[in-house]
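Peer 1: My questions are about this predicted structure, shown below with the sequence.
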Amino acid sequence: MNTRTNRGLISVLMVALILTGFGCGSSGEDSSAIRKENGVIYNPDKGLLQDEAPPVDFELVETIDLSGIEEPVISSIAYLKIDEQGNFYFIDRRINKLISLDPDGNLRWATGEEGKGPGDFENPFGMSIYNDKIYVANVQGSRLDEFDMAGNFIKTYDLPKDIRFASLVDIRDDGLILMSGANFGTVGSLVYTMELGDSLRIRQNINIIETEDDEYSRATMRGGIEMRENVFIYSFSTEYRQQFYDYEGNLMTEVRRDFSGTLGPGIYADGGSVSLYSLGNVSSPVFMDNGNYLVRVNYPTNIDDPHAYARRASTGETESPIYARIMDVFNAEHELLYTFDDLEYVEELGSLGIRDQEGFYYSVFSNDLLIKKYKLNMN
């Protein structure tokens with residue numbers, strides 16, 4: 001074949017590829033490809049390994065049943081933490097107690113009662129373990145209470161008055177405290193980094209706003225926040241979107257994923273009354289040892305417009321949401337690898353949001369009073 005003929009065939013093939021859209025959409029972009037622009041990673045709805053074996057397997061190691069504990073009768077499990085010896089610590093928000101179990105699920109101790117006094121609990125918003133102490137954001141997030149590892153109350157740190165409904169995210173190994181507060185008038189959060197001394201000192205105040213939509217101007221709702229060594233991650237509640245910030249408040253990376261499900265919240269205002277309905281949500285990422293991470297998504301399949309649903313629900317003119325659940329696997333470069341979309345399987349796995357010193361992951365099933373322990377096997 002001579003050179004002229006060869007070039008002619010190449011030209012014809014190039015034209016054919018363009019006309020058929022191979023490798024690009026009508027806008028010149030491949031909707032199935034991952035794009036990275038200006039610090040934002042845009043993922044398609046299908047993972048890179050979706051047609052292959054899953055990149056991780058979940059092996060159930062143990063199920064701990066708390067329903068057999070006779071005194072106190074445990075009714076809920078919130079803010080579960082695990083110490084270096086494998087002991088469990090959590091808040092039972094219904095009976096207002098701080099509770100500890102041994103690694104086998106046997107009761108070690110329980111302390112507290114409803115109230116605002118020293119050692120009492122009223123609407124706690126988060127718990128963490130740091131330097132052999134337990135810290136609880138207590139009394140609707142107005143104070144930070146300190147306990148020893150036997151549940152004995154030590155002292156209270158008052159939070160600044162302008163931090164409202166503060167939630168304790170976690171405490172870093174060097175003592176840096178991460179808290180979030182209500183960001184009234186929008187969907188988002190006021191995120192605070194603090195230091196603990198004789199009192200709480202604020203280092204940074206980071207204002208995160210998810211949307212400027214006027215419909216949310218009377219809302220107060222925030223997404224999930226996860227603390228890591230060098231960054232914290234904010235997970236949106238209005239769309240599939242996560243932002244990675246350093247502790248000076250600089251936005252480092254944003255991760256998005258093409259997702260057609262409905263995420264909340266729905267808002268309906270009638271005069272001076274405002275109804276807010278939390279619908280779908282995107283979880284905080286759960287990181288694995290190889291840098292990959294999991295994101296769990298709950299979303300209603302029978303709701304297209306959250307605000308229309310809120311209007312109907314406020315007058316009792318609608319059905320209850322029917323939820324689907326998926327779990328996405330991303331690699332360390334924030335690229336979508338795989339989606340677990342079997343509803344029953346994802347529900348059985350739970351959140352996998354707690355990791356112990358030995359590398360096992362735990363899911364809490366509060367309504368069933370179960371804690372499931374998993375080993376994650378990388379493929």
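Peer 2: Cool, the structure landed. Numbers count the residues shown, from 1 in each chain.
Peer 1: quick one, helices of the stretch 1-150 of the chain?
Peer 2: 3-20 (DSSP state H, counting those that start in this stretch).
Peer 1: what about the strands in it?
Peer 2: 35-37, 40-43, 56-65, 78-82, 88-92, 97-101, 107-111, 127-130, 133-138, 143-148 (DSSP state E, counting those that start in this stretch).
Peer 1: What pairs with the first one, parallel or antiparallel?
Peer 2: Meaning strand 35-37. As defined by DSSP bridges, the strand partners of strand 35-37 come to strand 40-43 (antiparallel).
Peer 1: just the fifth one next, same as before
Peer 2: Strand 88-92 sits in its sheet next to strand 78-82 (antiparallel), strand 97-101 (antiparallel), going by DSSP bridges.
Peer 1: Put the alpha carbons of that strand into PDB.
Peer 2: Extracted in PDB, the C-alpha atoms of strand 88-92 (Å, rounded to 0.1, in the frame of the first residue of the first chain):
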ATOM      1  CA  PHE A  88     -16.400  -0.200  73.200                       C
ATOM      2  CA  TYR A  89     -17.800   3.200  74.300                       C
ATOM      3  CA  PHE A  90     -21.000   4.800  73.100                       C
ATOM      4  CA  ILE A  91     -23.900   7.000  74.100                       C
ATOM      5  CA  ASP A  92     -27.400   5.700  74.600                       C
END
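Peer 1: Please compute how far it lies from its chain's middle.
Peer 2: Here the centre of strand 88-92 is set off from its chain's centre by 19 Å, with CA atoms, centre = their mean, to the nearest Å.
Peer 1: how much space is there between the residue nearest the centre of the chain and S237?
Peer 2: In the chain, the residue lying closest to the centroid (CA atoms, centre = their mean) is S284, at 2.4 Å. For S284, the distance to S237 equals 12 Å [CB to CB, to the nearest Å]. C-betas here are computed from N, CA, C, even on glycine.
Peer 1: between those two, what contacts are shared?
Peer 2: G224 (CB atoms under 8 Å, 6 or more residues apart in numbering).
Peer 1: circling back to that earlier point, would you turn the strands paired with strand 88-92 into CSV with mean pLDDT and mean neighbour count?
Peer 2: Putting the strands paired with strand 88-92 into CSV (pLDDT from 0 to 100; neighbours: other CB atoms under 10 Å) gives the following:
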stretch, mean pLDDT, mean neighbour count
strand 78-82, 98, 18
strand 97-101, 98, 22
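Peer 1: quick one, which of those strands is nearest to N205?
Peer 2: strand 78-82 (23.5 Å; CB to CB).
Peer 1: For the closest one, which outside residues touch it?
Peer 2: By CB under 8 Å, 6+ apart, strand 78-82 touches 88-93, 124, 126-129, 134, 136, 354, 356-357, 362, 364, 366, 371.
Peer 1: are any of those buried, and which?
Peer 2: 88-93, 124, 126-129, 134, 136, 354, 356, 362, 364, 366, 371 (16 or more other CB atoms under 10 Å).
Peer 1: what mean pLDDT does stretch 202-220 have?
Peer 2: Averaging pLDDT along stretch 202-220 yields 87.
Peer 1: for the stretch 101-250 of the chain, which spans come out with low pLDDT?
Peer 2: Along the stretch 101-250 of the chain, the model assigns pLDDT under 70 to no residue.
Peer 1: so Y345 is in which element?
Peer 2: helix 343-349 (DSSP states H and E).
Peer 1: again but with T238, I slipped
Peer 2: T238 belongs to no helix or strand, assigned by DSSP H and E.
Peer 1: show me what contacts it?
Peer 2: V187, E210, T211, Y216, L263, G264, P265.
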